[in-house]
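Engineer: need the 3D shape of this:
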Amino acid sequence: MDKGTVVRTVALAIAWINMVLVKYDMQPIPVVDEESIATGLAFFMSVWAWFKNNYITARGKEQKEVLQEVGLIKEDK
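Structural biologist: Below you'll find the model as predicted:
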């Protein structure tokens, strides 16, 4: 597995563990309060989704050109 997969998996596991602890009225992970965790996760996921769904890096632009050449995405107008 690559480093990104490991980081995303660990973050997801922590979020689920925290949610289960809160659901059963147990002490959540005492890193920060629940609102900060929710806000942080929402911000991170928003930025990640924007970054992943747009071709903003040089590598991404090259990938887009290849996908357009083989007809997997439409040409820009």
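Engineer: with just CA atoms, put the biggest helix by length in the chain into CSV.
Structural biologist: Longest helix of the chain, by residue count under DSSP state H: helix 3-23. Extracted C-alpha coordinates of helix 3-23, given in CSV (Å, rounded to 0.1, in the frame of the first residue of the first chain):
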residue,chain,number,x,y,z
LYS,A,3,1.5,6.1,2.1
GLY,A,4,-1.7,8.0,1.1
THR,A,5,-3.8,4.9,1.4
VAL,A,6,-2.5,4.2,4.8
VAL,A,7,-3.1,7.7,6.0
ARG,A,8,-6.6,7.8,4.7
THR,A,9,-7.4,4.4,6.2
VAL,A,10,-6.1,5.4,9.6
ALA,A,11,-8.0,8.7,9.6
LEU,A,12,-11.2,6.8,8.6
ALA,A,13,-10.7,4.3,11.4
ILE,A,14,-10.1,7.0,14.0
ALA,A,15,-13.3,8.8,12.8
TRP,A,16,-15.4,5.6,13.0
ILE,A,17,-13.9,4.6,16.4
ASN,A,18,-14.7,8.1,17.7
MET,A,19,-18.2,7.9,16.3
VAL,A,20,-18.9,4.5,18.0
LEU,A,21,-17.6,5.8,21.3
VAL,A,22,-19.9,8.8,21.2
LYS,A,23,-22.8,6.6,20.1
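Engineer: so how far is that helix off the chain centroid?
Structural biologist: Computed by CA atoms, centre = their mean, to the nearest Å, the chain-centroid distance of helix 3-23 equals 12 Å.
Engineer: and the helix-or-strand element of the chain with minimal mean pLDDT, C-alpha only, in PDB?
Structural biologist: Using mean pLDDT, DSSP states H and E, helix 34-52 stands out as the lowest-scoring helix or strand of the chain, at a mean of 73. Extracted C-alpha coordinates of helix 34-52, given in PDB (Å, rounded to 0.1, in the frame of the first residue of the first chain):
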ATOM      1  CA  GLU A  34     -16.200  16.700  18.400                       C
ATOM      2  CA  GLU A  35     -17.000  19.900  16.500                       C
ATOM      3  CA  SER A  36     -13.300  20.400  15.700                       C
ATOM      4  CA  ILE A  37     -13.000  16.900  14.400                       C
ATOM      5  CA  ALA A  38     -16.100  17.200  12.200                       C
ATOM      6  CA  THR A  39     -14.900  20.600  10.900                       C
ATOM      7  CA  GLY A  40     -11.500  19.300  10.200                       C
ATOM      8  CA  LEU A  41     -12.700  16.200   8.400                       C
ATOM      9  CA  ALA A  42     -15.200  18.200   6.300                       C
ATOM     10  CA  PHE A  43     -12.400  20.700   5.300                       C
ATOM     11  CA  PHE A  44      -9.900  17.900   4.500                       C
ATOM     12  CA  MET A  45     -12.400  15.900   2.400                       C
ATOM     13  CA  SER A  46     -13.600  19.100   0.600                       C
ATOM     14  CA  VAL A  47     -10.000  20.000  -0.400                       C
ATOM     15  CA  TRP A  48      -9.200  16.400  -1.300                       C
ATOM     16  CA  ALA A  49     -12.200  16.000  -3.500                       C
ATOM     17  CA  TRP A  50     -11.600  19.300  -5.200                       C
ATOM     18  CA  PHE A  51      -7.900  18.500  -5.800                       C
ATOM     19  CA  LYS A  52      -8.600  14.900  -7.000                       C
END
